[in-house]
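S.K.: This is a predicted model, with the sequence first.
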Amino acid sequence: MKRHRLSTRLWHWINAAALIVLFMSGLNISNAHRYLYWGDYGFDPADAWTSVIRFPAWATLPQYYDLAAARDWHNLGAWVFGIGLLLVWIAMLANGHFRQDLATSLRNWHPREIVKEMFAHLQGKFERQGAKYNSLQKMTYGLVYGVLLPMMVFTGLAISPGIEPAAPWLIDIMGGRQSARSLHFIVAWALFAFFMVHIVMVLLSGPVMQIKAMITGGTLEETRNG
Amino acid sequence: MADLRRRSLLAGIAAFGTGACAKLAGSETGQSLFDTAEDWHRAAHRALAGRQTLAPEYSLEDRSPTFRGNGSLTVDTPEYRAELANGFAGWRIAVGGMVENPLILSMDDLRALPQRTQITRHDCVEGWSAIGEWTGPQLSTLLDAARIRPDANFIVFRCADVLYGRDYYESVDLVDAYHPQTIVAHLLNGEPIPEKNGAPLRMRIERQLGYKHAKYLTAIEAVASLKDIGDGKGGFWEDYGNYQWYAGI
């Protein structure tokens, strides 16, 4: 039995590439208007709830300000990301990955459990209690798969004027088009935060073995020792 | 050994990040991938929303306090200054190209046609939005009166303004041209359209981004192909900035 299924591994790397393209082209797009608003309209910096920095060229795609090219990258990346997310959810539900490895039980959400796990993490002990992932990992991956990644799709659709006639309720539940745009930005940074923690955890837990396992599949035995 | 391999892997990723993306984007394959994504978006939007579904309309109190002007804010010619001073009494709009019955319409002619009033949200490609009430005849009324020929595929909007040394123009396909909310607006919030917002006439194509909503309109032209107009990409921003022709996303 492999540690990571082929579908998980394929999606992981394709999704990583799509997210990097989307994030960096998104920063280029953000430079076109650096103010965020709540509600249905907003164009006056005086009405903005926040303004963001001008992202430096090295952090953006392409690496100079070009709204049209950034939108090309963003719109292409969105198809890869959106279809990939749909397929991986279908695969996860069909092959049991979600039920076996990611679904949490009520016990995982008990505050005492969470505090205990956090202390264990801080001491570098990643207890799994026989499962593939510990409950902090399950919660984090659940949040990413179930909330953050789908939110990027839905907030992205909501700021598209061609989608709005088909699903006006989508924009309404987000509190308006500018609210959807703000949420798109906030969730993108939440995913960036996950990305950073994810990288740190990989580095702390044997990066060569972890990356190799995510490429070749690895074996379950390796995990139990780690 | 493993360390060396990792370093070259990282270098490879970095090279991909800088050089390869630029190369891919500049290549024909890259451009055709982008074009494919744009076609998929248009097909998906049309499949989901249909041809006639309306963009949301708002109530009077939802309007933004002002309506931002962007891009061209005026037309820098003596003719335009004179028309502006004169309340656009002499402004004419031509409906021509591949039509059986070319028209020249005055502002009074346009006001005499059946009118549509809609309070809609304008989304700029940059990210900001403004809500305003627009009034004018539907473009379909004009196209029907001019009787566009069956071999026409696009409607081109000619404008009086010049931006970065180029004549502003835009175009849409017949689905957007005949959409009920595609109007030739002459009023914004019940008043003649202000100079910065495109006086005296501005296209409203509500299911697309702001740069499709051509200002300072002088002519409407039915054509079979866009390739001989401007640089052939279908509009000022498409030619000048390589913007997407389908601006529904």
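M.R.: Alright, I've got the coordinates.
S.K.: helix, strand or coil for the residue of chain B found nearest chain A?
M.R.: Per C-beta to the nearest C-beta, B:Gly248 is where chain B lies closest to chain A, at 2.6 Å. To be clear about C-beta, it is placed using only N, CA and C from the backbone, and glycine gets the same treatment. At B:Gly248 the chain is in coil, as set by DSSP: H, G, I helix; E, B strand; the rest coil.
S.K.: what phi and what psi does the backbone show at B:Asn242?
M.R.: The phi/psi pair for B:Asn242 (degrees, to the nearest 10) reads phi 60, psi 30.
S.K.: Same question for A:Ile211.
M.R.: Dihedral pair for A:Ile211: phi -70, psi -40, per degrees, to the nearest 10.
S.K.: Wait, it touches A:Val202, no?
M.R.: Yes: using C-beta atoms under 8 Å, A:Ile211 is in contact with A:Val202, at 7.1 Å.
S.K.: and A:Leu143, that's in a helix?
M.R.: Yes: inclusion of A:Leu143 in a helix is indicated when three-state DSSP is applied.
S.K.: and it, how many neighbours does it have?
M.R.: Neighbours of A:Leu143 under the rule other C-beta atoms under 10 Å in any protein chain shown: 13.
S.K.: Nearest residue to the middle of chain B?
M.R.: B:Lys212 (1.0 Å; C-alpha atoms, centre = their mean).
S.K.: Could you do chain A as well?
M.R.: Note: chain A centre (C-alpha atoms, centre = their mean) maps to A:Leu191, 4.1 Å.
S.K.: was I right about B:Arg116 contacting B:Ser140?
M.R.: No: using C-beta under 8 Å, B:Arg116 makes no contact with B:Ser140, being 10.0 Å away.
S.K.: Strands along chain B, start to end?
M.R.: Ranges of strands in chain B, per DSSP state E, are B:92-97, B:103-106, B:116-123, B:129-136, B:154-163, B:166-173, B:183-185, B:187-188, B:191-192, B:202-204, B:217-223.
S.K.: So for the second one, mean pLDDT?
M.R.: Mean per-residue pLDDT for strand B:103-106: 98.
S.K.: Just the buried positions in that strand, please.
M.R.: B:103, B:105 (16 or more other C-beta atoms under 10 Å in any protein chain shown).
S.K.: Distance to chain A for the strands of chain B - can I get that in JSON lines?
M.R.: Rendered in JSON lines, the data for the strands of chain B read as follows (distance: least, C-beta to the nearest C-beta, whole Å):
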{"stretch": "strand B:92-97", "distance to chain A": "25"}
{"stretch": "strand B:103-106", "distance to chain A": "28"}
{"stretch": "strand B:116-123", "distance to chain A": "5"}
{"stretch": "strand B:129-136", "distance to chain A": "4"}
{"stretch": "strand B:154-163", "distance to chain A": "15"}
{"stretch": "strand B:166-173", "distance to chain A": "12"}
{"stretch": "strand B:183-185", "distance to chain A": "16"}
{"stretch": "strand B:187-188", "distance to chain A": "14"}
{"stretch": "strand B:191-192", "distance to chain A": "19"}
{"stretch": "strand B:202-204", "distance to chain A": "12"}
{"stretch": "strand B:217-223", "distance to chain A": "20"}
